[in-house]
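**Student:** sequence-free structure coming up:
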Ligand code: SF4
């Protein structure tokens, strides 16, 4: 929820004329989205509040303002925001929304994504896993528009950190392979009716565990 609010405000910020992209403007947009576009109601209605409303606003605004630590919005040129991409990759239908697309000096595409959570610990999250979502977007752009992505960027706004990644053909081919094998394994499970539980630390945030219907956590299955 916090991430969606920050994404929305920054999207509107980049629709402003470059000279107006100031912290004052971001404050005005955030206030307007909050009061006049349903955010106050949406956050108030959260059944499981992860924070107080004041804390939510403070954390969201802090993440937005940190953008100025990572780039100068008045000189940043974006080609597209929240770009919907729908295509097939080796027979697998894929759809996604790319936070930001820009061009580098050589005319190649730079794909960027805002994150408001923690920076993944390299001890637990492999580089391939960290970049998989954006590599999949790069692959989709290549399929649908024949555009080659040269660079991927992750903006960890809450931490004022930006990570970049140079895309190679090998990365794209590996990503395609993962997509194809994952789809084949989903099809196999659909045919057999057997779905293996993948128990990880993330189970603690899973709704199926909370409502007690996950076989891995419910002895009656
Ligand atoms: S709780 Fe069950 S369904 Fe949810 S992620 Fe864990 S194993 Fe999967």
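**Tutor:** The structure has been received and is ready for your questions. The structure displayed is predicted, hence computed values, not measured ones. Numbering: from 1, shown residues only.

**Student:** Residue numbers of this structure in contact with the ligand?
**Tutor:** 197-199, 202-203, 206, 208-209, 214, 216-217 (CB under 6 Å from any ligand atom). All C-beta spots, glycine's among them, are computed from the backbone N, C-alpha and C.

**Student:** go again using 8 Å as the cut-off
**Tutor:** 197-200, 202-203, 206-209, 214-217 (CB under 8 Å from any ligand atom).

**Student:** Just the element for residue 162, please.
**Tutor:** strand 161-166 (DSSP states H and E).

**Student:** tell me what that strand is packed against?
**Tutor:** helix 127-145, strand 149-156 (3 or more CB pairs under 8 Å, 6 or more residues apart in numbering; DSSP states H and E).

**Student:** most packed of the ones you listed?
**Tutor:** strand 149-156 (a mean of 21; mean count of other CB atoms under 10 Å).

**Student:** Check which residues of the one helix or strand in the chain whose mean pLDDT sits lowest are buried.
**Tutor:** Among the helical and strand segments of the chain, the one scoring lowest on mean pLDDT, DSSP states H and E is helix 39-44, with a mean of 86. For helix 39-44, the neighbour count (16 or more other CB atoms under 10 Å) marks 39, 43 as buried.

**Student:** Could you do stretch 207-217 as well?
**Tutor:** For stretch 207-217, by 16+ other CB under 10 Å, it's 209, 214.

**Student:** Would you mind measuring from the residue nearest the centre of the chain to the ligand?
**Tutor:** Nearest to the geometric centre of the chain sits residue 113, at 5.5 Å (CA atoms, centre = their mean). Counting by CB to the nearest ligand atom, to the nearest Å, the gap between residue 113 and the ligand amounts to 23 Å.
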